[in-house]
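Participant: Predicted model, plus sequence, below.
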Amino acid sequence: MSRRGWILFVLMSVIWGIPYLMIKVAVDGVSVPVLVFARTAVGAAVLLPLALRGGRMRGVLRHWRPLAAFAAIEIIVPWWLLSDAERHLSSSMAGLLIAASPIVAVLLGRLTGDTERLGAVRWAGLAAGLAGVAVLAAPELRGGDPWAIAEVLLTAVCYAIAPLIAARRLKDVPALPMTAACLGLAALVYAPPAAMTWPDALPDGRVLAALAGLALVCTALAFIVFFALIREVGASRALVFTYVNPAVAVAAGVVVLGEPLTAPILASFALILGGSVLATASREGGAGTSARSAEEQLTG
């Protein structure tokens, strides 16, 4: 990989590893609708002018039904669930649970008619990943906030379903216009609840910085860098950074927010990440592409 490719790879690993930290900070100062509206509206405002260049938005609206479904399952529903969950869970726990998305995608593939045979290695990966989720979620299910855990796991399911819509119904729609249109639609959906829950006073600087970071860095800049990374190294190699994001999420939560780094977190980290790599391995034994597409990585 070229030097430019490595730089873009490192940028993506960090940019899409820190949204969980920023969400955790932002939900302390604004409502969930305001958070999601700010992120989608600013992201759309930055990306739409780029998408409009050269008439690239032409034809996008012809696919409005699958586009609306994709926006709902990729952004509108999961961003609410994840943000609401982080009012009760640590950012590092949320980031690790979301890392189970590739495992969920493999399971969904089996349920929806995927004929590719799962060998012993991939089955072992599924088992390891699910065990990691169990290790991480068990304490919350016993005496914590089980609904928050359910919200994050539902987010992971959404992130596993959305690429199926993109691959089957939106494969002819360019990624940048599709992303801009989805963010714009999400902003319109969240505008009324955001207006109704708008803060009476200006949030403090920490919250405003988190909102700006989510919108400008983790959404708008992230997609610009991601598309550049795809052009530089190809789609399959570009998606390898999704295995690095959870490590960044955990490190950011521990270093910046002082979240605990416990033995269960370390064990679940190893199980989920190792399981994801094995479960998405190709038949030849190499690491396969993550189930998450460019659009899915709006996650955070």
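Facilitator: Cool, got the structure.
Participant: quick one, helices of the stretch 1-150 of the chain?
Facilitator: 3-15, 19-26, 32-52, 64-71, 77-85, 91-98, 101-111, 120-143, 146-169 (DSSP state H, counting those that start in this stretch).
Participant: so which of these comes closest to L176?
Facilitator: helix 32-52 (5.0 Å; Cβ to Cβ). No exception for glycine: its C-beta is placed from N, CA and C like everyone else's.
Participant: Could I get the full set of helices for the stretch 201-300 of the chain?
Facilitator: 205-212, 222-233, 235-238, 245-257, 263-279.
Participant: thinking again about what came up before, would you turn the helices of the stretch 1-150 of the chain into JSON lines with distance to P203 and mean pLDDT?
Facilitator: What follows is the helices of the stretch 1-150 of the chain, written out as JSON lines (distance: least, Cβ to Cβ, whole Å; pLDDT from 0 to 100):
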{"stretch": "helix 3-15", "distance to P203": "23", "mean pLDDT": "86"}
{"stretch": "helix 19-26", "distance to P203": "8", "mean pLDDT": "96"}
{"stretch": "helix 32-52", "distance to P203": "9", "mean pLDDT": "94"}
{"stretch": "helix 64-71", "distance to P203": "27", "mean pLDDT": "93"}
{"stretch": "helix 77-85", "distance to P203": "15", "mean pLDDT": "96"}
{"stretch": "helix 91-98", "distance to P203": "18", "mean pLDDT": "88"}
{"stretch": "helix 101-111", "distance to P203": "30", "mean pLDDT": "76"}
{"stretch": "helix 120-143", "distance to P203": "28", "mean pLDDT": "78"}
{"stretch": "helix 146-169", "distance to P203": "22", "mean pLDDT": "87"}
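Participant: who wins for proximity to L229 among those?
Facilitator: Short answer: helix 3-15, nearest of the helices of the stretch 1-150 of the chain by Cβ to Cβ, at 4.1 Å.
Participant: Can you point out the buried residues in the closest one?
Facilitator: G5, L8, F9, L11, M12, S13, V14, I15 (16 or more other Cβ atoms under 10 Å).
Participant: One more: stretch 200-209?
Facilitator: Quick answer for stretch 200-209 (16+ other Cβ under 10 Å): P203, V207, L208.
Participant: coming back round to it: now the helices of the stretch 1-150 of the chain in TSV, please, with extra columns for distance to A212.
Facilitator: Formatted as TSV, those follow (distance: least, Cβ to Cβ, whole Å):
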stretch	distance to A212
helix 3-15	14
helix 19-26	9
helix 32-52	8
helix 64-71	23
helix 77-85	16
helix 91-98	17
helix 101-111	26
helix 120-143	30
helix 146-169	23
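Participant: out of those helices, nearest to V254?
Facilitator: Of the helices of the stretch 1-150 of the chain, nearest to V254 by Cβ to Cβ is helix 91-98, at 6.4 Å.
Participant: between the closest one and helix 263-279, how many degrees?
Facilitator: Angle, helix 91-98 to helix 263-279, by axes from the mean of the first three to the mean of the last three Cα atoms, to 10 degrees: 30 degrees.
Participant: I would like the residues contacting helix 91-98, please.
Facilitator: 17, 20-21, 23-24, 82, 85-86, 132-133, 136-137, 140, 149, 152-153, 155-156, 159, 245-246, 248-250, 252-254, 257, 259, 261, 265, 268-269, 272, 299-300 (Cβ atoms under 8 Å, 6 or more residues apart in numbering).
Participant: Just the CA trace of stretch 89-108, in CSV.
Facilitator: Provided in CSV are the C-alpha atoms of stretch 89-108 (Å, rounded to 0.1, in the frame of the first residue of the first chain):
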residue,chain,number,x,y,z
LEU,A,89,-23.5,2.8,28.6
SER,A,90,-19.8,3.7,28.3
SER,A,91,-18.6,4.7,24.9
SER,A,92,-16.1,1.9,24.9
MET,A,93,-18.8,-0.7,25.6
ALA,A,94,-20.9,0.7,22.7
GLY,A,95,-18.0,0.7,20.3
LEU,A,96,-17.2,-3.0,21.1
LEU,A,97,-20.8,-4.1,20.8
ILE,A,98,-21.1,-2.4,17.4
ALA,A,99,-18.0,-4.3,16.4
ALA,A,100,-20.2,-7.4,16.3
SER,A,101,-21.9,-6.1,13.1
PRO,A,102,-19.9,-8.4,10.8
ILE,A,103,-20.9,-11.4,12.8
VAL,A,104,-24.6,-10.3,12.7
ALA,A,105,-24.2,-9.9,8.9
VAL,A,106,-22.9,-13.4,8.4
LEU,A,107,-25.8,-14.8,10.4
LEU,A,108,-28.3,-12.7,8.4
